[in-house]
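Participant: Next comes the sequence, and after it the predicted model I'd like to discuss.
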Amino acid sequence: MVAIGASMLLTILIGLLGPSAMVPALSGPGRQPPYSLGADPDPYLVVGMAAVAIVLGGLGLLGALVGVRGSSGGWPGGSSRDSGPARWWVAAGCAVAGVLAFLPPSGSGDHLNYAAYGRMVTLGLDPYTHGAADLAGDPVADAVEDPWREEPSVYGPVATALQAVASWAGGDSVRLTIFVLALFNAAAFIVTGLLIDRFTRDDPVRRLRAALLWTANPLLLYQLVAGMHVDTLAVACMVAALLARSRPVGSGVLLGLGVAVKVNAGLAALGPAWELRRRPGRLALMAGCAVAVVVVGYAIVGPEAIAPITRTSKSISHASFWKLVQGWLQSIVGTGSAYRGEIQVGSLLVLALVAWSLLRLASRRDGAGLGAP
């Protein structure tokens, strides 16, 4: 518990200190949110704080989950009917997410891209065919960091719509635009946590585990909320869709909205699809609603939105282990190819293997449960 709390506080402190090696500067009137102390901290200090926050968060989360698994009440010394710890963790996570919305984002510069794409929409420019460099001299577009200044948006129409709303509210102030985006992001994170908490409220152990894995997860607070990634919005739609899967129309609409935020969120649709594999009518209804939402969304923004997605789908992140595979192949065979097609196929095969392994594990657990006295 101490490690998780310390990780959360460090994440808050990084943003509170203001622009640094971890926190991109935001132009705009100082009276506008997000707020910070503007302490100009040493780069080594904030990078060290981020590293400690991640390590403490990971260790604390691991210890807490082990404690939940080994106790009858979901927490060492707790009662099996006591849901108090879960409520406290949910409240703590929501509070931290709310505080982070009023602090400058840290650990990433993606939010600057979001602001620029929204700015393009409000100025009549297509974010799917233009990059920030095409708005030279604009205060919002100029904030985008290299090497992303030339890149058009790879996000779906729902994400672009929210970015446009934030730009409309923020005008030429990067600070205010980012703040509105941060409010959307924090709200999505909090709503997701509350939905999961409500779904698990009848089982104290599951409820506490769910709170630790999402709402009070210091690693997610660091990455999704402080880092302000658009994935939070997609996850919110997908979680809502999974919890509403007994209503195929509503679930399908929510699945479509998630895909229309970020297309790779569609992988989550494989879960309800597998569950409904023996009910083709309900599966078709859910899939049809999801596809309809996505088609309408992309019809509104135009077919130009597809090209950036197909191009970036073959990009290899430096943070991915596939980058090591690429380097290994180039060292053996030669650097004449980026091996992106082969790596894309390999990643799909690994995904299929993981899915197959999880299904086998689930079937074994079901079989063990049926055989238990």
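Facilitator: Nice, thanks for sending it over.
Participant: going forward, measure contacts and count neighbours with C-alpha atoms only.
Facilitator: Noted.
Participant: low-confidence ranges in this protein?
Facilitator: Low-confidence segments of the chain, defined by pLDDT under 70: 70-83, 311-319, 336, 365-373.
Participant: which residues sit in contact with the residue most central in space within it?
Facilitator: Centroid-nearest residue in the chain: residue 231, 3.0 Å away (criterion: CA atoms, centre = their mean). Going by CA atoms under 8 Å, 6 or more residues apart in numbering, residue 231 touches 224, 261-262.
Participant: just residue 291 next, same as before
Facilitator: Per CA under 8 Å, 6+ apart, neighbours of residue 291: residue 256.
Participant: What number of residues are in the vicinity of residue 322?
Facilitator: 17 (other CA atoms under 10 Å).
Participant: Quick check, it in contact with residue 342.
Facilitator: No - counting by CA atoms under 8 Å, residue 322 stays clear of residue 342, with 10.6 Å between them.
Participant: Please put the alpha-carbon coordinates of stretch 271-285 into CSV.
Facilitator: What follows is stretch 271-285, C-alpha atoms only, in CSV (Å, rounded to 0.1, in the frame of the first residue of the first chain):
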residue,chain,number,x,y,z
GLY,A,271,-14.0,-11.5,-26.7
PRO,A,272,-17.8,-11.0,-27.1
ALA,A,273,-17.6,-12.5,-30.6
TRP,A,274,-16.2,-15.7,-29.2
GLU,A,275,-18.8,-15.7,-26.4
LEU,A,276,-21.6,-15.4,-29.0
ARG,A,277,-20.1,-17.9,-31.5
ARG,A,278,-23.0,-20.3,-30.9
ARG,A,279,-25.6,-17.5,-31.1
PRO,A,280,-25.1,-16.2,-34.7
GLY,A,281,-28.1,-14.0,-34.7
ARG,A,282,-27.0,-11.9,-31.7
LEU,A,283,-23.4,-12.0,-33.0
ALA,A,284,-24.5,-10.6,-36.3
LEU,A,285,-26.6,-7.9,-34.7
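Participant: Need the residues that contact that stretch.
Facilitator: The contact list for stretch 271-285, computed with CA under 8 Å, 6+ apart, reads 242, 245, 248-249, 252.
Participant: rerun that using 7 Å as the cut-off
Facilitator: For stretch 271-285, contacts defined as CA atoms under 7 Å, 6 or more residues apart in numbering pick out 242, 245, 248-249.
Participant: can you pick the most crowded of those residues?
Facilitator: residue 248 leads the contacts of stretch 271-285 on contacts (other CA under 10 Å) with 23 neighbours.
Participant: Could you measure from the closest residue to that one other than its chain neighbours over to residue 186?
Facilitator: Distances taken as CA to CA, 6 or more residues apart in numbering put residue 286 closest to residue 248, at 4.6 Å, once the chain neighbours are dropped. Distance from residue 286 to residue 186, counting by CA to CA, to the nearest Å: 28 Å.
Participant: Please identify which helix or strand holds residue 26.
Facilitator: For residue 26, there is no enclosing helix or strand under DSSP states H and E.
Participant: ok, residue 104 - contacts?
Facilitator: Taking CA under 7 Å, 6+ apart, we find residue 104 in contact with 15, 18, 23, 34-35.
Participant: now with 10 Å?
Facilitator: 12, 14-19, 23-26, 33-36, 175, 178-179, 182, 226-228 (CA atoms under 10 Å, 6 or more residues apart in numbering).
Participant: Secondary structure class of it, three-state.
Facilitator: Put simply, residue 104 is coil when judged by DSSP: H, G, I helix; E, B strand; the rest coil.
Participant: From residue 111, how far out is it?
Facilitator: For residue 104 relative to residue 111 (CA to CA), the value is 10 Å.
Participant: any residues in contact with both of those two?
Facilitator: Common contact partners of residue 104 and residue 111 (CA under 10 Å, 6+ apart): 24, 178, 182, 227-228.
Participant: okay if I get these as a markdown table plus secondary structure and distance to residue 347?
Facilitator: Output for the shared contacts of residue 104 and residue 111, formatted as a markdown table (DSSP: H, G, I helix; E, B strand; the rest coil; distance: CA to CA, whole Å):
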| residue | secondary structure | distance to residue 347 |
| --- | --- | --- |
| 24 | coil | 32 |
| 178 | helix | 34 |
| 182 | helix | 32 |
| 227 | coil | 26 |
| 228 | coil | 26 |
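Participant: Show the buried residues in those residues.
Facilitator: Buried subset of the shared contacts of residue 104 and residue 111 (neighbour count, 16 or more other CA atoms under 10 Å): 24, 178, 182, 227-228.
Participant: Quick check: the two most widely separated of the residues you listed?
Facilitator: Pairwise distances across those (CA to CA) peak at 14.3 Å, for the pair 24 and 182.
Participant: Can you list the buried residues in the helix with the most length in the chain?
Facilitator: Under DSSP state H, the helix in the chain containing the largest number of residues is helix 340-371. Using 16+ other CA under 10 Å as the test for burial, helix 340-371 gives 340, 343-344.
Participant: ditto for stretch 259-266
Facilitator: Applying a neighbour-count criterion of 16+ other CA under 10 Å, one finds 259-263, 265-266 buried in stretch 259-266.
Participant: and if you look at stretch 60-67?
Facilitator: Neighbour-count burial for stretch 60-67, counted by 16+ other CA under 10 Å, picks out 60-61, 64-65, 67.
Participant: before we move on, what about stretch 265-275?
Facilitator: In stretch 265-275, counting by 16+ other CA under 10 Å, buried: 265-266, 268-269, 272-273.
Participant: Between the two ends of that stretch, how far is it?
Facilitator: Termini of stretch 265-275 sit 18 Å apart (CA to CA).
Participant: quick one, helices of the stretch 1-150 of the chain?
Facilitator: For the stretch 1-150 of the chain, the helices defined by DSSP state H, counting those that start in this stretch cover 2-17, 43-70, 84-101, 110-122.
Participant: Out of those helices, which is the most enclosed?
Facilitator: helix 110-122 (a mean of 25; mean count of other CA atoms under 10 Å).
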